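# okay, sequence plus prediction incoming.
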Amino acid sequence: MTDVQKQVQAVLDELVDNDTERGIAVAAFHEGAQVVDAVAGVADPATGRPVTSATPFYNYSIGKGATATVAHILVERGLFGYDTRVVELWPEFGAHGKEGVTVRHVLTHTAGVPQIPLDTTVEQLCDWDHMCAAIADQELWWEPGTKTGYHAYSFGYLVGEIARRATGTPIGRLLTDEVATPIGMADELYFGMPIAEQARLAPLEDAPGVDQTVFDDMPTDLPMFKAGPMSTFPTAALGNRPDILAADIPAGAKTSARAIARMYAALLGEVDGVRLIPAERLAEATAPAFSGVDAVFGNPANWALGYALGLADSAPDGDRTVFAMGGAGGSFAFGDTASGVSCAVTKNRLSMDFASASRISRMVLTAFR
């Protein structure tokens, strides 16, 4: 057992013992070899089922990293380019002056379409054709490429429909065929997880003290409240719905820690002989592409092409060799081009911060830098 494995396991045990986390898993790879495989706690308190290395979690936006990875694979195949206009593949998207939006704009959250209609229902989130038509009919919030603003739900449908138009294949199948199966994780990495498989998931729970009424005291004219209805905000109740779990909603993913960490490892280099994209493509995909104050949430934002730059606890311009995505509730996954390290932290207790994931991610990254 390596020192970093022991250190991570000790932290996980502490987090569960002090009731910070219910169930948590961490996987890390270095230069293609797994160096951390640690779990603690229970996946399902109702049955006492423990977390294992194979336990999938609904990690919300951690899945945007997988969505971006599918896009880079298709760009590498020549099916479209980063500067391809979306309307060249999806003509209907050009409504209301959106003809100039490019794939690059979508990947950097600068497309100007961060919103879904405010009357969107949870059931409609699961209806691919409905959501794509609704997003195609939206008006721009800003001129594409001039601002960045987190496209919380729309990112997944935009990239997914671009991919579907280019290939004729739904993005859930593309994820399975082009990413999950090649890296040997076809039963641990999904956008839509079949209902028959959902018993393997770790049910989500909101952390004690997390109160969604905190939003009630915020000004109602904040951009975040105009980007989608409150009923679609990430919560345990939403994330445990069988229809949400079964649907292709590629703004998020259902994945084990080892599956998403292995994906990042296979972007950085070979894992058991498999590399998802060449080094030259990785360099372009993970280079700084746009920085600014997020026009929806107000935080500093640094984007590569589909990945955020830096760890969750990084200074605004720190750790720029780290490409990553975190998920609502505190899960996090990343790769680091400088050290060849990838890591994922997945958990079932939805917190309002990344404290647990940041502590573990920083520990792993420091061990190999």
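Done, it's in. Numbers count the residues shown, from 1 in each chain.
# and residue 110, helix, strand or coil?
Of the three states, residue 110 takes coil under DSSP: H, G, I helix; E, B strand; the rest coil.
# actually residue 43, not the one I typed
Applying three-state DSSP to residue 43 yields a three-state assignment of strand.
# and what of the one 3 residues further on?
Three-state call for residue 46 (three-state DSSP): coil.
# same thing with residue 80?
Look at residue 80: counting by three-state DSSP, its state is coil.
# now do the SS call for the residue lying closest to residue 100 once chain neighbours are set aside.
Nearest residue to residue 100 in three dimensions, chain neighbours excluded: residue 144, at 5.5 Å (CB to CB, 6 or more residues apart in numbering). Using the backbone N, CA and C atoms, a C-beta is placed for each residue, glycine as well. Classification of residue 144 by three-state DSSP places it in coil.
# excluding its backbone neighbours, what's nearest residue 326?
residue 332 is the one closest to residue 326 (CB to CB, 6+ apart), at 4.4 Å.
# contacts for the helix or strand encompassing that neighbour, please.
Here residue 332, judged by DSSP states H and E, is contained in strand 331-336. Outside strand 331-336, the residues that touch it by CB atoms under 8 Å, 6 or more residues apart in numbering are 57, 59-60, 62, 65, 257, 260-261, 264-265, 267-268, 286, 311-312, 319, 321-326, 341-347, 354, 357-358, 361, 365, 369.
# next secondary structure after it?
Downstream of strand 331-336, the first helix or strand assigned by DSSP H and E is strand 341-347.
# what mean pLDDT does the following helix or strand past that following strand get?
Reading on from strand 341-347 to the C-terminus, the next helix or strand found by DSSP H and E is strand 349-350. Taken as a whole, strand 349-350 has a mean pLDDT of 98.
# re earlier: what's the distance between the residue nearest to residue 326 and residue 351?
11 Å (CB to CB, to the nearest Å).
# sketch out the helices for the stretch 51-200 of the chain, chain order is fine.
Along the stretch 51-200 of the chain, the segments classed as helices by DSSP state H, counting those that start in this stretch run 64-76, 86-89, 103-107, 122-125, 128-136, 154-167, 171-175.
# again, but for the stretch 201-350 of the chain
For the stretch 201-350 of the chain, the helices defined by DSSP H, counting those that start in this stretch occupy 223-226, 236-239, 242-246, 257-268, 279-286.
# redo these as a markdown table? Include mean neighbour count.
As requested, those are arranged in a markdown table below (neighbours: other CB atoms under 10 Å):
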| stretch | mean neighbour count |
| --- | --- |
| helix 223-226 | 16 |
| helix 236-239 | 18 |
| helix 242-246 | 17 |
| helix 257-268 | 29 |
| helix 279-286 | 17 |
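# for residue 36, which of these is the nearest?
Checking the helices of the stretch 201-350 of the chain against residue 36 by CB to CB gives helix 257-268 as the closest, at 8.4 Å.
# what's the angle from that closest one to helix 64-76?
In terms of direction (axes from the mean of the first three to the mean of the last three CA atoms, to 10 degrees), helix 257-268 departs from helix 64-76 by 30 degrees.
# which neighbouring elements make contact with helix 257-268?
Contact here means 3 or more CB pairs under 8 Å, 6 or more residues apart in numbering; DSSP states H and E; on that basis helix 257-268 packs against strand 23-30, strand 33-44, helix 64-76, strand 189-190, strand 331-336, strand 341-347.
# among these, which is the most enclosed?
strand 341-347 (a mean of 33; mean count of other CB atoms under 10 Å).
# distance of the residue nearest to residue 100 from residue 151?
Distance of residue 144 to residue 151, computed by CB to CB: 12 Å.
# so those two - more neighbours on which side?
Legend: neighbour count by other CB atoms under 10 Å for residue 144 and residue 151, higher for residue 151 (28 against 23).
# the more buried one and residue 303, how far apart?
From residue 151 across to residue 303, the span is 11 Å (CB to CB).
# what touches both of those two?
The contact sets of residue 151 and residue 303 overlap at residue 109 (CB under 8 Å, 6+ apart).
# quick one: residue 257 from residue 361, how far?
On the measure of CB to CB, residue 257 and residue 361 end up 12 Å apart.
# no wait, residue 264
From residue 264 over to residue 361 (counting by CB to CB), the distance is 12 Å.
# overlap of the contact sets of these two?
Common neighbours of residue 264 and residue 361 are listed as 334, 343 (criterion: CB under 8 Å, 6+ apart).
# how many neighbouring residues does residue 77 have?
Neighbours of residue 77 using other CB under 10 Å come to 12.
# ok, now the one 3 residues further on?
If you count neighbours by other CB under 10 Å, residue 80 ends up with 21.
# residues in contact with it?
Residues in contact with residue 80 (CB under 8 Å, 6+ apart) are 74, 88, 89, 103, 162, 166.
# apply 10 Å and report the result again.
By CB atoms under 10 Å, 6 or more residues apart in numbering, the contact set of residue 80 is 71, 74, 86, 88, 89, 102, 103, 162, 163, 165, 166, 167.
# in those, which residue is surrounded by the most others?
Within these, residue 86 tops the neighbour count with 28 neighbours, counted by other CB under 10 Å.
# spatially, which two of the contacts of residue 80 are the most separated?
Largest separation among those by CB to CB: 102 and 167, giving 18.4 Å.
# just the C-alphas of stretch 70-83, formatted as CSV.
The C-alpha trace of stretch 70-83 is given here as CSV (Å, rounded to 0.1, in the frame of the first residue of the first chain):
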residue,chain,number,x,y,z
VAL,A,70,-16.9,12.9,-26.4
ALA,A,71,-16.8,16.2,-28.3
HIS,A,72,-13.0,16.1,-28.5
ILE,A,73,-13.0,12.5,-29.8
LEU,A,74,-15.4,13.6,-32.6
VAL,A,75,-13.3,16.6,-33.4
GLU,A,76,-10.3,14.4,-33.7
ARG,A,77,-12.2,12.2,-36.2
GLY,A,78,-12.9,15.3,-38.3
LEU,A,79,-16.7,15.2,-37.9
PHE,A,80,-16.7,18.9,-36.9
GLY,A,81,-14.2,21.5,-35.6
TYR,A,82,-14.0,23.8,-32.7
ASP,A,83,-14.9,26.7,-34.9
